[in-house]
Every structure is written in structure tokens, then in C-alpha cells.
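>>> Predicted structure and sequence below. I'll ask about it afterward.
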Amino acid sequence: MNPIAMLIAFMTIVIKEITRFTRIWQQTLVPPAISTLLYFVIFGNLIGPRIGQMDGFDYMDFLVPGLILMSVITASYQNVVSSFFGAKWGKSIEEILVSPTPNLIILLAYICGGVARGVLVGLIVTSVSLLFTDLSIFNGWVLASVVVLTAILFSLGGFINAVFAKTFDDVSIVPTFVLLPLTYLGGVFYSITLLGDFWQQVSKANPILYMINAFRYGFLGITDVSVFFSYGMILVFIMVFFAISLYLLSHSKGLRA
Amino acid sequence: MTFALKTTNLSKTYGNQIEALKGVDLNVEEGDFFALLGPNGAGKSTVIGILTSLVLKTAGEVEIFGVSIDHNFKKAKSFIGVVPQEFNFNIFETPLQIICNQAGYYGIDRRTALQRSEKYLQLLGLWDKRNDIAGHLSGGMKRRLMIARALIHEPRLLILDEPTAGVDIEIRRSMWEFLKNINSAGTTIILTTHYLEEAEHLCRNIGIINNGALVENTSMRALLRQLNLETFVLDLETGLDELPAALHSIARLVDRSTLEVDIKRGETLNEVYDALSAASIHVTSMRNKSNRLEQLFVDLTRNPREASP
């Protein structure tokens, strides 16, 4: 395949992915808007004023970055896991696997699909948050890069989950029992400085904590952990997940017997 | 000679230690219409899976138009179009989307993809359905959609894994005509089917796989010559209460208006007709009792060594 042919194959998968999640917008784009709207109303508007300030900011302002990134994480993960597993389950993934499209292109295209949904959902949630607070941006580059890198990482996570999944139950196990707890305990709703030393150290073993803090730094200029360390961690995870995904595309018994 | 497909000692053992292929050497000439037959579980789909990269071979070599899949699988795959046994398209997409996407996976630009989509959907009688949801198409339409999809990159080798399963006779025959035309235009075709009449009607050469081993790889004509005995069914103009004694050695009376005759290899039907005419028995029509290939297939897959010439 020459580079132009590879570009055509890449764009075909990306457009197919974007078409898929926009076609079912009621399932993919509306629910995160509604759930974050409820978070803002309940935790931001109703309970927030009683909590007072968090790390020197109104609770609502503290809450917004975490909720946006939480939506990005969920959307990018869900997009790839549901699309790839659905294609595997319905066997339509064979359309791509029998073609000369390189595995690298297949993987990059699925990641792009996940990032596209993650970023779009992030923008929707950001728009919803503007109904409740005036957002200020401390560092736009950090915001953009953390969103994209986080979406890439969780797209890869969704991809790996989809390759291993044998049933639709397998697709929901990781989001429910791994992703959700890690996200909730990753500093979306609180600063880890509220915790005792022991639980602070435990929290630092949670990779999502670093992503949320780096993202919050982009908005507010505050963080519980080093932003550089956060970048390093995200990049290392991306490289490891990427290598695993590429290997699985070539060798997984779930794809090629 | 260029082979469209050449496998050497092709073997596959699955993770559960099932030996699906045991050193298969298979040659398919360029331009051939080749039947790959075998009972269920014989290894046909495993061969096709290896050619299309959905199954990883354990050992052996595969060349597609001289390109080894070990050296340049992407190029080898670009030569192949495959129609699988099971429906494997996204049922929520339209035929046009499915086919254009498939073109994209082969690096074909959108404009060419649309032109070819129209060509193949028209040829296969699906153009009017191009914007319908694929899941709503009838079984025959879905089969034809998969053929159109397999042809969109105009492959040199078309592999059809039971393409007419569950299709009514009218559509089956129109698909036969379509495939014959594609083959006449130069596309090599490998066909697996359980309809042996289909293989006999369409294919010039044949390979029979049984228990993971190739038990026959020859021309259809040569294979059919192996038949030692053929039974014909004759429909009579006037019913008979009993068969005349002179005919006992050459025919059996099945019912009042039906005779069966056995013709051994080297014998002709003329003496049967002469004897029937002498007894004033008139035949209105004649047919094979069973498909000729079917009889050989049963023999070869039951006990290959004894059945081989």
C-alpha cells in the first residue's frame, strides 16, 4: 500500500467511526451532557456553597475540570470498546482485517475515532459548565494536550478491552469496576490534600489522579502533583498500551485464530 | 506457469490441539474456476482463513500470484477478494456505505469507489437497494452484497465460501452466470460449496479436502472419469406391469413408469435403448439418479485410499 492508499484507508475508518457515534448521538453525546448537568446542579450549585473553597477556588470552579476530563475519559474509552467489540462480535471487523490496511493504520484510525468523540463530549460538557460558572483558562496548551493525550490513552484502553472481550458483559466490566472507581477517587471531586498522608500516598498510585490534576492546572493553575510527572506518566502508559494493541492486532486469538 | 494460489505443506493446529490442516499442497492455476470441496470441518474454511489472514498458519508456505504471504502479505491480500460463509457486514449500514468503505480499506479513492459500487450493485441487482439498511435485505441480497463487496477492488483471485447457501434456485442460477462471466473476464475463482451440482456445473478443476488432508487435486473431467458406475433414471411413455425378461439383466423397474439402468465405465446407453426399442418401450426423459460428482465425493471422503485410481 502506498502512502496515499494508507491515508485513504485511515480516513475511511475515521469517518466511519465518527459517522457511527454521531448517528447514535442520543446514546453517545446526550447522556454525558445530562449527567454532568446533574453533577453541576447537585454538587456545584446545591452542595458546593456549603463546602466553600477548595484549594482557594469556589467548589464549582474546582469541580469543572475534573468533570470535563471524566467525560473525556469515559467517552473515548466507550467509543473504541463498543465500536471495535461490536465489529468483532458482528464479524464486520473482518472487512478491515482481510484488507491490506496495515495494523498501524487500523489502530491509529480507531484511536482517532475515540479522540474525536472524547474531545466532542469534552466540548459539550464544557459548554454545559458555562451555564454555571465563568471558566478561566490558565494554560490553553496544557488543557489541549492533556485532553488529547488522555483521550488517546483511554482509546487504547478501550481497544485492548475490546480485543479481549468475548461478551458484552466483558465490555462493561472494566468501565464499571476499574475506570469508574479510579476516576471518582482520582481527585475529580476533592483535592487529595484533604486526605491523610497514608491515603494521599495510596491516591498517588492512581494514574487518573495525574491526568485530572494536569488538566485542572490548565484551567486553574493549581495541582496536587507535578505536571511534568503527569505528562511523563501519560506518555509512558500510551507507549505501553500502543505496543500491546499492535501486538494484539497481529496475534490475538480473539481476532486471528 | 503462474499459480493464482500455491500452498506447500500448509498446516494448522489450533490452540485446542485440533490439527485442521495436515500439510496441504494445493495449486490453483491463474484463470481457473476451482472447486475446493470437503465435508463440514474438513479444513476448507481454515485454508481460506489462512489466505485472508484471519487464521495464522502453523507451518508451510502460501503464495498468491507468486507473492509469499510470509514476505509481503499486504500485497498478497490486495489480490484477493473474499465472500465468507457467514454474513460479516455491519447490518446498520447501507450497501453503498459497506461497499465504499471496503474500497477505502483497499486505498481506492472515493470517486472510483462510487463508480465501481454502481457498476457492481447494478450487475448484482442491488442498485435499487443501495440506500436500504443492509440488515433488512433478504438472504439472497445479502449474499450478493458480499459478492459486490469482494469485487470492489477488482481482485485477481475471488474466493467464495459457500456463496449460494440458502439461496433460491433462480438467484443461484443468476449468480452462477455472473460468476462465469467474472471468470471469463480473467478472474480466478475458488469456490467451496456443498451443492456438488454447482461445483460440477461451474468448475474446471477440483480439490477435495478430508480430515485436513488433500485427497484429490485434479481436473473435474479427470475426476468424473473415475466413476465406475452411473445409474440413470428413465421415465416411460406407457406404464409397465412387469419388466420383460430380456431386460432383466440391464434394467430395474422402480414403479410402473420408471426404470433404472446401471452403465459401467466403457459401456454406452445405445444397447439399453436398442433393447428397450425392441420391447416397444418408449422413453420420454432421462436423468442421472444422483449427481455424478456427489457419488465420487462420498467415496473419496469416506475412504480416500480405496477410492483413488
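Okay, I see it.
>>> Residue of chain A closest to chain B, please.
A:Ala5 (2.4 Å; Cβ to the nearest Cβ). C-beta coordinates here come from the backbone N, C-alpha and C atoms, glycine included.
>>> now that residue: how far from A:Pro100?
8 Å (Cβ to Cβ, to the nearest Å).
>>> Overlap of the contact sets of these two?
Common neighbours of A:Ala5 and A:Pro100, counting by Cβ atoms under 8 Å, 6 or more residues apart in numbering or on different chains, are B:Tyr106, B:Gly107.
>>> re earlier: the residue of chain A closest to chain B - how many residues pack around it?
Around A:Ala5 sit 20 other residues, with neighbours defined as other Cβ atoms under 10 Å in any protein chain shown.
>>> Quick check: B:Leu151 vs B:Ala185, distance?
From B:Leu151 over to B:Ala185 the distance is 11 Å, taken as Cβ to Cβ.
>>> for stretch B:6-25, which positions count as buried?
For stretch B:6-25, burial by neighbour count (16 or more other Cβ atoms under 10 Å in any protein chain shown) applies to B:Lys6, B:Thr7, B:Leu10, B:Ser11, B:Lys12, B:Ala20, B:Leu21, B:Lys22, B:Val24.
>>> what does stretch A:18-30 give?
Here stretch A:18-30 shows A:Ile18, A:Arg20, A:Phe21, A:Thr28, A:Leu29 as buried, counting by 16+ other Cβ under 10 Å.
>>> Just send those residues back as CSV, with pLDDT and secondary structure too.
Putting the buried residues of stretch A:18-30 into CSV (pLDDT from 0 to 100; DSSP: H, G, I helix; E, B strand; the rest coil) gives the following:
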residue, pLDDT, secondary structure
A:Ile18, 96, helix
A:Arg20, 94, helix
A:Phe21, 94, helix
A:Thr28, 93, helix
A:Leu29, 93, coil
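>>> Can you tell me which of those comes closest to A:Gly113?
A:Ile18 (6.3 Å; Cβ to Cβ).
>>> So B:Leu151 and B:Ala185 - more neighbours on which side?
Each of B:Leu151 and B:Ala185 has its neighbours counted (other Cβ under 10 Å); B:Leu151 has more, 22 against 9.
>>> Backbone dihedrals for the residue of chain A closest to chain B, please?
Note on A:Ala5: backbone dihedrals following degrees, to the nearest 10 are phi -60, psi -40.
>>> cool, and the one 10 residues further on?
Recorded main-chain torsions at A:Ile15 are phi -60, psi -40, according to degrees, to the nearest 10.
>>> what pLDDT does it get?
Looking at A:Ile15, its pLDDT stands at 96.
>>> Would you format the buried residues of stretch A:18-30 as a markdown table with distance to chain B included?
What follows is those, written out as a markdown table (distance: Cβ to the nearest Cβ, whole Å):
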| residue | distance to chain B |
| --- | --- |
| A:Ile18 | 13 |
| A:Arg20 | 8 |
| A:Phe21 | 12 |
| A:Thr28 | 14 |
| A:Leu29 | 17 |
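>>> Throw the residues you listed into TSV and include distance to A:Asn79, thanks.
TSV is the format used below for the buried residues of stretch A:18-30 (distance: Cβ to Cβ, whole Å):
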residue	distance to A:Asn79
A:Ile18	10
A:Arg20	8
A:Phe21	6
A:Thr28	7
A:Leu29	11
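>>> of the residues you listed, closest to B:Asn217?
Using Cβ to Cβ, A:Arg20 comes nearest to B:Asn217 of those, at 44.2 Å.
>>> if I pick the closest one, what's in contact with it?
The neighbourhood of A:Arg20, defined by Cβ under 8 Å, 6+ apart, consists of A:Ser83, A:Gly113.
>>> and the strand or helix carrying A:Gly86, what's its mean pLDDT?
Element membership for A:Gly86 (DSSP states H and E) is helix A:59-89. Mean per-residue pLDDT for helix A:59-89: 93.
>>> that older thread, so the residue of chain A closest to chain B sits against B:Gly104, correct?
No - A:Ala5 is beyond contact range of B:Gly104, at 9.4 Å (criterion: Cβ atoms under 8 Å).
>>> Need the per-residue pLDDT for the residue in chain B that chain A sits nearest to.
Distances between chain B and chain A by Cβ to the nearest Cβ are smallest at B:Gly107, namely 2.4 Å. For B:Gly107, the pLDDT comes out at 94.
>>> for the chain, which spans come out with low pLDDT?
With no chain named, the answer covers chain A. Low-confidence segments of chain A, defined by pLDDT under 70: none present.
>>> nope, chain B
The model of chain B has pLDDT under 70 over residues B:227-228, B:265, B:290-292, B:295, B:302-309.
>>> sorry, back to before: relative to the whole chain's centre, how far out is the helix holding A:Gly86?
4 Å (Cα atoms, centre = their mean, to the nearest Å).
>>> circling back: can you tell me how far the residue of chain A closest to chain B is from B:Val283?
Relative to B:Val283, A:Ala5 is positioned 62 Å away (Cβ to Cβ).
>>> Then B:Glu216?
Counting by Cβ to Cβ, the separation of B:Glu216 from B:Val283 is 34 Å.
>>> So those two - more neighbours on which side?
Higher neighbour count among B:Glu216 and B:Val283: B:Glu216, with 22 against 15, using other Cβ under 10 Å.
>>> Wasn't the more buried one part of a strand?
Yes - checked against DSSP: H, G, I helix; E, B strand; the rest coil, B:Glu216 lies within a strand.
>>> got a list of what A:Ala87 touches?
Contact analysis of A:Ala87 by Cβ under 8 Å, 6+ apart lists A:Ile93, A:Ile96, B:Asn90.
>>> Sort out for me which of those residues are in helices.
Among these, the members found in helices (DSSP state H) are A:Ile93, A:Ile96.
>>> can you redo the contacts of A:Ala87 as JSON lines with neighbour count?
Converted to JSON lines, the contacts of A:Ala87 look like this (neighbours: other Cβ atoms under 10 Å in any protein chain shown):
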{"residue": "A:Ile93", "neighbour count": "23"}
{"residue": "A:Ile96", "neighbour count": "23"}
{"residue": "B:Asn90", "neighbour count": "21"}
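>>> which one of the contacts of A:Ala87 sits closest to A:Thr176?
The closest of these to A:Thr176 turns out to be A:Ile93 (Cβ to Cβ; 24.0 Å).
>>> separation between that closest one and A:Pro100?
A:Ile93 is 15 Å from A:Pro100, by Cβ to Cβ.
>>> Helices along the chain, start to end?
As the question left the chain open, I've gone with chain A. Counting by DSSP H, chain A has helices at residues A:3-23, A:25-28, A:30-39, A:48-51, A:59-89, A:93-97, A:103-129, A:140-164, A:168-174, A:180-184, A:197-203, A:207-220, A:227-251.
>>> that answer is for a different chain, and I need it for chain B
Remark: helices assigned in chain B by DSSP H are B:44-51, B:69-78, B:95-105, B:110-123, B:139-151, B:169-184, B:196-202, B:220-225, B:270-278, B:292-302, B:304-307.
>>> out of the ones you listed, which comes closest to A:Ala109?
The closest of these to A:Ala109 is helix B:95-105. By Cβ to Cβ, the value is 10.2 Å.
>>> okay, now the closest residue to B:Ser285 other than its chain neighbours: neighbour count?
Of all residues not flanking B:Ser285 in the chain, B:Asp235 sits nearest, at 4.6 Å (Cβ to Cβ, 6 or more residues apart in numbering or on different chains). Neighbours of B:Asp235 under the rule other Cβ under 10 Å: 12.
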